[in-house]
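Asker: Below is the sequence, then the predicted model.
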Amino acid sequence: MRPGIAAPEGGLSREAWKIFQIMAEFVEGFEALAQIRPSVSIFGSARIAPDHPYFTLAEDVARKLSDAGFSVVSGGGPGIMEAANKGAYAGPSPSVGLNIRLPHEQAGNPYQDIRLTFQHFFARKVMFVKYATAYVVMPGGFGTLDELMEILTLVQTGKSRRIPIILVHSPFWAGLTDWFRTTMIADGVIDERDMELFVTLDRPEEIIDAIFRYYELSGFEPSEEEKEIQLNL
């Protein structure tokens, strides 16, 4: 060991032991979620009350997805997450909650057939992507934007297979998508073709139709190349 650098007492450091906790989260997630395909991950604000139109819209979307044979995956908390789980829970397909331990919030909602709880955001984010057939992004805050940018980046760079990415409620997203065009494309930091990575829709029926149209030619089962991409995600 180099002079001036002391070895941690008692063998492995606390940071090294964290590796095993992280591994356990991945193993539990992989085992639980590998059986729920096809699935759709739904995102949105935790701050939306049950009497808000966004809540009703998310619940309707999730119920129609469940009726169409899709498992529905949400963050397991309140707001849009609860609406998504509630809608799916009322249907025939599994309602899945990927809960996260937070210091001051995130009580799990009661509408979860499969409930997983994560300590680490990054492990949870992998689970949202790895088995998703589509991403449905409702109005939300920083966390929702984080998930949206994550999947756009992964698909754009080829680190994840191409899937439908659907922004719901066009008035909410108009400012962001306009900024993509007027600033990001204009400054050359993204390409015009990157706008084809997502669509903006308003009605639940449009969302279901868009997902099925996307997979009409390729089928829901990933190709061997796509399986390899997802394995190395």
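Answerer: Good, I have the coordinates. Numbers count the residues shown, from 1 in each chain.
Asker: where does this structure dip in pLDDT?
Answerer: Counting by pLDDT under 70, the chain contains low-confidence ranges at 1-12, 104-106.
Asker: quick check: longest helix of it.
Answerer: Taking DSSP state H as the assignment, the helix of the chain that covers the most residues is helix 14-33.
Asker: elements contacting it?
Answerer: With contacts defined as 3 or more CB pairs under 8 Å, 6 or more residues apart in numbering; DSSP states H and E, the packing partners of helix 14-33 are strand 95-100, strand 114-118, helix 121-130. (C-beta placed from N, C-alpha, C; glycine too.)
Asker: what's that helix in contact with?
Answerer: Taking contacts as CB atoms under 8 Å, 6 or more residues apart in numbering, the residues outside helix 14-33 that touch it are 39, 73, 96, 98, 114, 116, 118-120, 123-124, 126-127, 130-131.
Asker: what pairs with residue 97 across the strands?
Answerer: Assessed by DSSP bridges, residue 97 has beta-bridge partners residue 74, residue 115.
Asker: could we number from 6 for the rest of this?
Answerer: I'll keep to 6 as the first residue from here, and by that count the last item is residue 102.
Asker: surely it meets residue 91?
Answerer: No: at 10.9 Å, residue 102 and residue 91 do not qualify as touching, with contact defined as CB atoms under 8 Å.
Asker: hey, what's in contact with both of the two?
Answerer: By the contact definition CB under 8 Å, 6+ apart, residue 102 and residue 91 are jointly contacted by 114, 116.
Asker: Same drill for these two, tell me which one is more crowded.
Answerer: Neighbours around residue 102 and residue 91, counted as other CB atoms under 10 Å, are more numerous at residue 102. The numbers are 27 against 22.
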